Every structure is written in structure tokens, then in C-alpha cells.
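# just coords:
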């Protein structure tokens, strides 16, 4: 091989290794895009929330590990070949891959506390607010809106002892108006509003996967002001992973 051929081969090899780093970065970006699509695709009507959740559970781990493997291989090869551009691109891919691996590593190191196997949370577990307009025909619903009784109440009391009615010195009418304001601020979709009965029903969506949960809020007058009760129920899933309790806490904090 003459000098010209050696130079050409060297330049070609450098180009390949430089492009290998860029390719690893492109793959990492595509991986992030695919995961984001799984998490937020339902928001854009691409599929039902449960479909996106299923895709995420099935493919997230594989996507993250393959992305990390490609990025690491590209970085090692680029470093061995002393390809500056390849090192830069593959380093960026490694950073992205590391971020994708964080949830997997956390799950391996820390055993997360298992959420209570319930999806119906109420500030009143003795006589929980009832849904009147929303019923079991609501789209995509697999769970009933009928309160399941003492077992659910006992599990809620153990898992979420802080969930309690909101007691306020506001009049019942003012408390109802305030509750409506907060529901609007939290992005809930109002389904029914009964001003005379001081109650409303709404649908809330989770930010990730866009699951629909149904909420009823009832206000009652008390000698010193009023009492606000909230009940939040997931449409699908045996356990809500604490989402409904968190929603009620956020509502109470805003109130």
C-alpha cells in the first residue's frame, strides 16, 4: 500500500469513528423521544393511557440498557482511536444514557415502599361523598365508583392517616366558590356542578401517562364555618400508587 492509500485509509477510519460517536448520540436522542412518546402519547390522543403505561413497563428497561451499551462502546472506541469529535458526541450520549438508567438503578438499590392496593381515596371514610352524575359508563373505566367499604377504609387509614376533611371558617358558599377555583387551577375538567347542594364532580388527569381520575367535592355548613370533603377515584388499576391521596393533599394545601 502506497502513502496515498495509507492516508486515505487513515482518513476513512477517522471518519467512521467520528461518525460512530455521532451515531450513538442520535440513538440516545431517539431513545429519549421514544420514552417521552410512551409517557405522553395519550395526551395527544395516540392511544389510551393504559397502552402507554404498558409500553413503558415493557420497553423502558431494554431501551435504557441498549442505549447505554451503544454509548459506552462508542466512547471506548473513540477514546482508543483518539477521535476528539467521537469522544465529545459519545460522552453526550453517555450522559443521556446515565439519566435513563437512574430509575433502574434506584429500583435495584432501594426497594420502594409498595403503595396500598386501593384506588379510591376519600376525606370521609365513614360516609364518603357519592358520585351522582359520573357513573360506571365513563370512558375507559375499569373500576366502579361504588365505595367498596370497610376494607378500603381500613387500608386508607393505615396508608394515608393524614387524609382528612378540610375545616374552614369560610361560609359554605364561600368555601364552595374557593373549591371551584382550586379545581380550575389544578386543571380539572368540571363534569357537573350543583350550586344548591354545594357539590361538583370533575375529572382530573395525571401529568404522566394522562390517566383519568374522577373527583367529587361536597361542602357542608358547620357551626363555625364549613367542611369540605373530597373523594378521588382512579378509572383503571387496583393501586393508584398514591396519586389520589397526593391530589387530595394538593387540593387541601391550596385551600
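That came through fine. None of the values given here were measured: they were computed from a predicted structure.
# Tell me, how many residues neighbour residue 54?
Number of residues near residue 54 (other Cβ atoms under 10 Å) recorded here: 14. The C-beta positions use only the backbone N, C-alpha and C, and glycine is treated the same way.
# Tell me the helix or strand right after the helix or strand harbouring it.
According to DSSP states H and E, residue 54 maps onto helix 49-80. Going down the chain from helix 49-80, the next helix or strand is helix 84-109, by DSSP H and E.
# Need the residue closest to the centroid of this protein.
For the chain, the residue nearest the mean C-alpha position is residue 208 (3.1 Å; Cα atoms, centre = their mean).
# Quick check: nearest residue in space to it, chain neighbours excluded?
Using Cβ to Cβ, 6 or more residues apart in numbering and skipping the chain neighbours, the partner closest in space to residue 208 is residue 39 (5.2 Å).
# got a list of what that neighbour touches?
Shown in contact with residue 39 (Cβ atoms under 8 Å, 6 or more residues apart in numbering): 52, 56, 208-209.
# How about residue 138?
By Cβ under 8 Å, 6+ apart, the contact set of residue 138 is 203, 212, 214, 235.
# Could you look up the SS state of it?
With DSSP: H, G, I helix; E, B strand; the rest coil as the basis, residue 138 sits in coil.
# What's the separation between it and residue 217?
Distance of residue 138 to residue 217, given as Cβ to Cβ, to the nearest Å: 17 Å.
# Once you drop chain neighbours, what's closest to residue 194?
residue 200 (6.9 Å).
# Check which helices and strands the helix or strand hosting the one you found sits against.
Using DSSP H and E, residue 200 falls within strand 199-205. Counting contacts by 3 or more Cβ pairs under 8 Å, 6 or more residues apart in numbering; DSSP states H and E, strand 199-205 packs against helix 172-185, strand 189-194, strand 212-222.
# ok, of the contacts of residue 138, which come out buried?
203, 212, 214, 235 (16 or more other Cβ atoms under 10 Å).
# Quick check: the farthest pair among the residues you listed?
Farthest apart among those by Cβ to Cβ are 203 and 235. That separation is 8.8 Å.
# So for the two, which residues contact both of them?
138, 212-214.
# Which member of the residues you listed is positioned nearest residue 163?
Using Cβ to Cβ, residue 213 comes nearest to residue 163 of the shared contacts of residue 203 and residue 235, at 14.9 Å.
# Alright, that wraps it up for me.
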